[in-house]
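1. Please work out how this folds:
(2 chains)
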Amino acid sequence: MTQVKKITTPLDDHQVIQLKAGDSVLITGYIYTGRDAAHKRLIELLKKNQELPLDLKGQVIYYVGPAPAKPGYPCGSAGPTTSYRMDPYTPPLLEKGLKGMIGKGTRSQEVIESMKKNKAVYLGAVGGAAALIARRIKKSEVVAYPDLGAEAIHRYYVEDFPAIVVIDAQGNNLYETEPPKYKK
Amino acid sequence: MREINTTQIKDQIKELFLKANYHIDQELRQRLEEALSEETSSIGKSVLQMIIENNKIASKEEIAICQDTGLAVVFVELGQQVCIVGGDFTEAVNQGVKEAYEEGYLRKSVVDDPVFERKNTKTNTPAIIYTEIVPGDKIKFTVMPKGFGSENMSALAMLTPADGAAGIINFIVKTVEKAGPNPCPPTIIGVGIGGTAEQAMVIAKKAIARKIGTPNPNERYAAMEKEALEKINNLGIGPAGLGGRTTTLAVHIDYLPTHIAGMPVAVNVCCHAARHAEGIL
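-> Sure thing, here's the model as predicted:
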């Protein structure tokens, strides 16, 4: 197991380049949530050359639609959703300065090329580890599209959010490199 | 005739969905521990540790194991000597789902129109209800909150009789290979063989709810389960798809009589959070 790297958001090019596929990271700072419906709206705004409801420069988007919070909890269970559904929307957001994405599962070649070009990193969180991850989310507020409910864009303050660098800014991809080592 | 009131049905459904969404059953917890001890990949081990820890937190605090609390699938085995009184059966099931998801802080994931509006129904209903009439004077419910990360990886093949067991195993393994990291491995694979196209998928889904580690009672099908599991785990996909020996925890096959010209095979994929609960009224 490689060492655990602590990173804080927002991210700059220098931090991103230091992150290598296979690194375990603990993220502290603000991150934004977004999944299918919110991505669709962001892209529609970009197509119309309109302002986005958040500045993506240096930011990290977590692909999640959380469960409702129980009273006394900042947020309900909040594990990653499958990332490929966001692939068609992702390159334009990377062009806008998005530096990191947290999700699970494969990404398209277009996304990976755009990550290399724009220096961004794709982090994998453990799908289904939603109750465990929720404990690392200390604050949650809706910043855009409240009508979307669980799919609204939330801003989370996270402490030591556990993730693994799956695809780094050089395009190294754990989903390509790791399974063959265990293939029989 | 034995009378069962719809209020009892509603309460039972509510209780079962809460239970299923908070607590992984004993057999699956044990299987995950075994997988941890067998896993050779260090990333794979740490992923399994997180899953095991997650399930403990969810159970202790009674919060959702996974934020995707799924579509509400309900299998009903209705005894033919039962008389349902007090209201509409389907409405009672949906009301039970609604109350569980509202009061239990579970995510509502149902959209009304799949193509155009995609507006959330905000109740996690309608439930998906399969009813079978059986002898007796009881009702048995098997509820499965079914997440869509894994559901999206499911597949159907209308194979030919000549494809045989080898063709079926090949299709199962290819389906899991294609899914890669997306369905939250380690998965549980439900397989339905025979019947018609839609029947095959229904029994595949129901097979997921079988107690993990219980093979098909027909030894030839049990042998297929074992062979498919071994071949899948030889793919190396591993926990979370990050490499390792544990891609799938179990393959459960069920089968039905079918047409002389066909051999439908349905593969229904379920994530490691294979949630289900049973109750009898």
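2. Report whether residue B:158 is found in a helix, as I expect.
-> No: following the definition DSSP: H, G, I helix; E, B strand; the rest coil, residue B:158 is strand and is not counted among the residues of a helix.
3. shouldn't it be in contact with residue B:258?
-> No: shown here, residue B:158 and residue B:258 do not form a contact pair, counting by C-beta atoms under 8 Å, at 10.3 Å. For every residue, glycine as well, the C-beta is placed using N, CA and C.
4. okay, and the common contacts of these two?
-> Each of residue B:264 lies in contact with both residue B:158 and residue B:258 under the rule C-beta atoms under 8 Å, 6 or more residues apart in numbering or on different chains.
5. May I ask you to confirm that residue A:101 is in contact with residue A:125?
-> No: look at residue A:101 against residue A:125 with C-beta under 8 Å: they stay out of range, at 10.5 Å.
6. any common contacting residues for the two?
-> Residues touching both residue A:101 and residue A:125 comprise residue A:62, with contact defined as C-beta under 8 Å, 6+ apart.
7. Which element is encountered next along the chain beyond the strand or helix carrying residue B:92?
-> Residue B:92 is part of helix B:89-103, with elements assigned from DSSP states H and E. Reading on from helix B:89-103 to the C-terminus, the next helix or strand found by DSSP H and E is strand B:128-134.
8. Partner strands of that next one, with direction?
-> The pairing partners recorded for strand B:128-134 under DSSP bridges are strand B:71-79 (parallel).
9. Please list the residues outside the strand it pairs with that contact it.
-> Identification of contacts with strand B:71-79 by C-beta under 8 Å, 6+ apart yields B:2, B:13, B:17, B:93, B:97, B:101, B:109-110, B:124-125, B:127-146, B:148, B:151, B:205-206, B:209.
10. tilt between that strand and helix B:89-103?
-> Between strand B:71-79 and helix B:89-103, the angle formed by their directions is 140 degrees, by axes from the mean of the first three to the mean of the last three C-alpha atoms, to 10 degrees.
11. could you give the mean pLDDT of strand B:71-79?
-> In this model, strand B:71-79 has a mean pLDDT of 98.
12. Same check on stretch A:54-71?
-> In the prediction, stretch A:54-71 has an average pLDDT of 96.
13. Same check on stretch A:89-101?
-> On average, stretch A:89-101 scores 97.
14. hey, C-alpha coordinates of it in CSV?
-> Coordinates of the C-alpha atoms in stretch A:89-101 are reproduced here as CSV (Å, rounded to 0.1, in the frame of the first residue of the first chain):
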residue,chain,number,x,y,z
TYR,A,89,-20.7,16.7,-19.5
THR,A,90,-17.2,16.6,-18.0
PRO,A,91,-14.7,18.0,-20.5
PRO,A,92,-16.4,21.5,-20.7
LEU,A,93,-16.3,21.7,-16.9
LEU,A,94,-12.6,20.8,-16.9
GLU,A,95,-12.1,23.6,-19.4
LYS,A,96,-13.7,25.9,-16.7
GLY,A,97,-11.0,25.0,-14.2
LEU,A,98,-12.4,21.9,-12.4
LYS,A,99,-9.5,20.1,-10.9
GLY,A,100,-10.9,17.0,-9.4
MET,A,101,-13.8,14.6,-9.5
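15. For that stretch, buried residues please.
-> Judged by neighbour count (16 or more other C-beta atoms under 10 Å in any protein chain shown), stretch A:89-101 contains these buried residues: A:89, A:90, A:91, A:92, A:93, A:94, A:96, A:98, A:99, A:100, A:101.
16. Closest one of the residues you listed to residue A:29?
-> Using C-beta to C-beta, residue A:100 comes nearest to residue A:29 of those, at 10.7 Å.
17. Need phi/psi at the closest one.
-> The phi and psi torsions at residue A:100 (degrees, to the nearest 10) take the values phi -150, psi 150.
18. could you pull out the strands for chain A?
-> In chain A, the strands defined using DSSP state E lie at A:4-8, A:24-33, A:60-62, A:100-103, A:121-124, A:137-144, A:153-167.
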